[in-house]
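K.L.:
can you look at this prediction? I've put the sequence above it.
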Amino acid sequence: MADDELTVTMNTDTSRFEVKLGAEIAFAEYRLAGDSIIFPHTVVPEAFGGKGVGGKLVQAGLAYAREHKLWVKPTCAFFHAYIAKRPDLHELVHPDMREGLKVP
């Protein structure tokens, strides 16, 4: 399976964005809270190493937030680091959480 065939799906039953590779599942948990989407936890098993799956999970979550006009609350360290490195994404982050995105 080519890396570009790894598809992110939104699993509303588990409140996760997921990518499957054989029996392995990489995922980013989410919680909807009013006008925001919170990303508390991301797991990318070793089987996905080097395939950019973590980035694909973040991109899918941010696309959902944009589409539904939700503020992003990146409490997961991976989401936070991904967004912090990309100032063009800071506008999606809830204003109360933007201060922590500054990268030295």
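P.N.:
Looks like it arrived, so ask away. Please read all numbers here as calculations on a predicted model, not as lab measurements. Residues are numbered from 1 along each chain as shown.

K.L.:
check L21 and give its pLDDT.
P.N.:
Per-residue confidence (pLDDT) for L21: 88.

K.L.:
ok, how many other residues are close to it?
P.N.:
15 (other C-beta atoms under 10 Å). The way it works is simple: take the backbone N, C-alpha and C, and place the C-beta from them, glycine included.

K.L.:
right, and it touches V8 too?
P.N.:
No. Between L21 and V8 there is no contact under C-beta atoms under 8 Å: 11.9 Å.

K.L.:
buried residues in the lengthiest helix in the chain?
P.N.:
Determined from DSSP state H, the single longest helix within the chain is helix 53-67. Neighbour-count burial for helix 53-67 flags V53, G54, K56, L57, V58, A60, G61, L62, Y64, A65 (criterion: 16 or more other C-beta atoms under 10 Å).

K.L.:
next, E99: phi, psi?
P.N.:
Torsion angles at E99 (phi, psi; degrees, to the nearest 10) stand at phi -50, psi -40.

K.L.:
likewise for W71?
P.N.:
According to degrees, to the nearest 10, W71 has phi -70, psi 150.

K.L.:
that older thread, give me the contact list for whatever helix or strand comes next after the longest helix of the chain.
P.N.:
Next in sequence after helix 53-67, counting helices and strands by DSSP states H and E, comes strand 71-73. With contact meaning C-beta atoms under 8 Å, 6 or more residues apart in numbering, strand 71-73 is reached by 33, 35-39, 61-62, 65, 79, 83, 92-95, 97.

K.L.:
ranges for the helices of this protein?
P.N.:
Under DSSP H, the chain gives helices at 53-67, 77-84.

K.L.:
can you say which two of the buried residues of helix 53-67 are spatially most distant?
P.N.:
The most widely separated members of the buried residues of helix 53-67, counting by C-beta to C-beta, are V53 and A65 (18.9 Å).

K.L.:
quote the end-to-end distance of stretch 7-18.
P.N.:
One end of stretch 7-18 sits 8 Å from the other (C-alpha to C-alpha, to the nearest Å).
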